[in-house]
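1. Return a 3D structure for these sequence lines:
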Amino acid sequence: MSLRDIYAVPNVDASWHVPQTYDGIFDFEFDKGRDTLMHLYQKGKDMQWDAVKRIDWDLDLDPENPMEMPLESNAIYGTPLWDRLSKKDRIELLTHGQAWNISQFLQGEQGALICASKIVTQVPTMDAKFYAATQTMDEARHIEAYQKLLGKFGVAYPMTQPLQQLINDALRDSRWDITYLAMQIVIEGLALAAFATIRDVAQNPLAQMVNAYVMQDEARHVMFGRLSLRDYYPQLTEAERDEREEFLVDACYHMRDRFQGREIYERLGLPVEECVAYGENSETMKLFRTFLFQRIVPVVKDIGLWGPRIQKAYTDMGVIGFADMDVDALHDEDERIAKDFDARRAYVSSVISEGKGEAAE
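-> Numbers count the residues shown, from 1 in each chain. Next up, the predicted model:
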């Protein structure tokens, strides 16, 4: 079954073509490269996994609240409109809302796949090419995992216009560092925070597992962008850094304001503007949009794009407080949690095997 067959939005184009103009660069030095990136490359090789085997696809979603998320996570929960909905309508809203989120994860992963392959072609150093090659494989695996998860929802959504616009900007720009900035820092950073919400708040074990394993990879991807840009940006002129900061500010506002879910309300025949207004005024949604920048702000500071324009934007957005967040500790925690899921699954498998052995006796 094609995912397009279960799109809730009609007449979605079968493909999207993005014209690009940039040089493909060969590195004939083949030198050792930077120790930090080569270490990350080795880690990327060591931590490859199989989405078919590592995830327990026999697990299912809940029929009334697929990922078993708190009801408060729905943008219109607790409003007069929510109160008027029947139980059937609420189940449909929860299903479509959660499927919309996972759909954007899936669509973003394809964007990351294309961006990583562009980095392999365009970045000038071999160590970065090596790591970007491992990321390309990671992103293919993430697409596979989220596509399987969406199949259990029975409904999916195409890429939102704001996400498509930022990916378009990342791909069409001829400067390799802009691709890094848009994808590795902004999109991947936001994705980590969004994945963490499901991993840590959802009660459905399949949804938790998929996001925990994807996060284990994504933390490395953000580190890749961080290490590469931290070395590169000090070489730029002040005017060039100012241009990057302007791009970054626009990208952050652009992505913060994309979580409206208009397509959901249109598909379900709900009053779109009323629903969007509820979401904009929801304290839960405001907190979520703030939390999204937990992993972006400290990385932006670390790579050296920390001029007045950036600091003012993050202050106005209410996220400047994340500047001193220990992002390395967060990434270590991502790895620990993923390993915990592996340990739990191994324990359950061993208990089942022992039970079967005793029964046979």
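2. ok, L292 - how many residues close by?
-> 23 (other Cβ atoms under 10 Å). Using the backbone N, CA and C atoms, a C-beta is placed for each residue, glycine as well.
3. meant to ask about D56
-> So D56, with other Cβ under 10 Å, has 13 neighbours.
4. Then S174?
-> When neighbours are counted by other Cβ under 10 Å, S174 comes out with 11.
5. Check whether it really touches G24, as I assumed.
-> No: counting by Cβ atoms under 8 Å, S174 does not reach G24; the two are 11.7 Å apart.
6. Between these two, which contacts overlap?
-> Common contacts of S174 and G24, defined by Cβ atoms under 8 Å, 6 or more residues apart in numbering, are absent altogether.
7. okay, and for the stretch 251-361 of the chain, where does confidence drop off?
-> 353, 355-361 (pLDDT under 70).
8. At which residues are the helices of it located?
-> Shown for the stretch 251-361 of the chain, the helices assigned by DSSP state H, counting those that start in this stretch span residues 262-268, 272-281, 283-291, 297-302, 308-316, 327-360.
9. Which other helices and strands does the shortest one contact?
-> Using 3 or more Cβ pairs under 8 Å, 6 or more residues apart in numbering; DSSP states H and E as the contact criterion, the elements in contact with helix 297-302 are helix 205-232, helix 308-316, helix 327-360.
10. contacting residues around the second one?
-> Think helix 308-316. By Cβ under 8 Å, 6+ apart, the residues outside helix 308-316 that reach it are 242, 245-246, 248-249, 252-253, 293, 297, 300, 320, 322-323.
11. swap the cut-off to 10 Å and go again
-> 241-242, 244-246, 248-250, 252-253, 293, 296-297, 300-301, 306, 319-323 (Cβ atoms under 10 Å, 6 or more residues apart in numbering).
12. What's the PyMOL syntax to select whichever of those residues are buried?
-> Typed into PyMOL, the next command selects the buried ones out of the contacts of helix 308-316 (criterion: 16 or more other Cβ atoms under 10 Å):
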select buried, resi 241+242+244+245+248+249+252+293+296+297+300+301+306+319+320+322+323
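13. Let's see the pLDDT reported for the residue nearest to A145 when sequence neighbours are not counted.
-> In space, A145 comes closest to A51 once its chain neighbours are excluded; the distance is 4.3 Å by Cβ to Cβ, 6 or more residues apart in numbering. The confidence metric pLDDT takes the value 96 at A51.
14. Neighbours of the closest residue to Q110 other than its chain neighbours, how many?
-> Spatial nearest neighbour of Q110, excluding adjacent residues (Cβ to Cβ, 6+ apart): I143 at 5.7 Å. Neighbour count of I143, defined by other Cβ under 10 Å: 20.
15. does I143 really touch S103, like I thought?
-> No: when contacts are counted by Cβ atoms under 10 Å, I143 is not listed as touching S103 (11.8 Å).
16. Quick check: neighbours shared by these two?
-> Residues touching both I143 and S103 by Cβ under 10 Å, 6+ apart: L3.
17. my read: T134 touches M47, true?
-> Yes: between T134 and M47 there is a contact at 8.8 Å, judged by Cβ under 10 Å.
18. For these two, list the residues in contact with both.
-> D217, R220.
19. So those two - more neighbours on which side?
-> Counted by other Cβ under 10 Å, T134 and M47 do not tie: T134 has more neighbours, with 24 against 14.
20. Skipping adjacent residues, who's closest to the more buried one in space?
-> Nearest-residue entry for T134: G44, 3.3 Å, with adjacent residues in sequence omitted and distances by Cβ to Cβ, 6+ apart.
21. in which helix or strand would I find the one you found?
-> Here G44, judged by DSSP states H and E, is contained in helix 35-46.
22. quick one: buried residues of that helix?
-> Buried residues in helix 35-46, counted by 16+ other Cβ under 10 Å: T36, L37, L40, Y41, G44.
23. how about JSON lines for those residues, with distance to T197 and pLDDT added?
-> Compiled in JSON lines, the buried residues of helix 35-46 are given as follows (distance: Cβ to Cβ, whole Å; pLDDT from 0 to 100):
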{"residue": "T36", "distance to T197": "30", "pLDDT": "90"}
{"residue": "L37", "distance to T197": "30", "pLDDT": "92"}
{"residue": "L40", "distance to T197": "26", "pLDDT": "92"}
{"residue": "Y41", "distance to T197": "30", "pLDDT": "93"}
{"residue": "G44", "distance to T197": "25", "pLDDT": "93"}
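24. Just name the closest of those to S228, please.
-> Among those, L37 lies closest to S228 (Cβ to Cβ), at 7.2 Å.
25. mind checking pLDDT for the residue lying closest to that closest one once chain neighbours are set aside?
-> Among residues not flanking L37 along the chain, D127 sits closest, at 4.1 Å (Cβ to Cβ, 6+ apart). With respect to pLDDT, D127 scores 93.
26. Next one: D127 from Y41, what distance?
-> D127 sits 7 Å away from Y41, going by Cβ to Cβ, to the nearest Å.
27. list the residues that contact both of the two?
-> What both D127 and Y41 touch, as defined by Cβ under 10 Å, 6+ apart, is the set G33.
28. Geometric centre of this protein: which residue is closest?
-> A191 (2.5 Å; Cα atoms, centre = their mean).
29. got the angle between whichever helix or strand it is part of and helix 283-291?
-> For A191, the host element (DSSP H and E) is helix 188-201. Angle of helix 188-201 versus helix 283-291, following axes from the mean of the first three to the mean of the last three Cα atoms, to 10 degrees, is 130 degrees.
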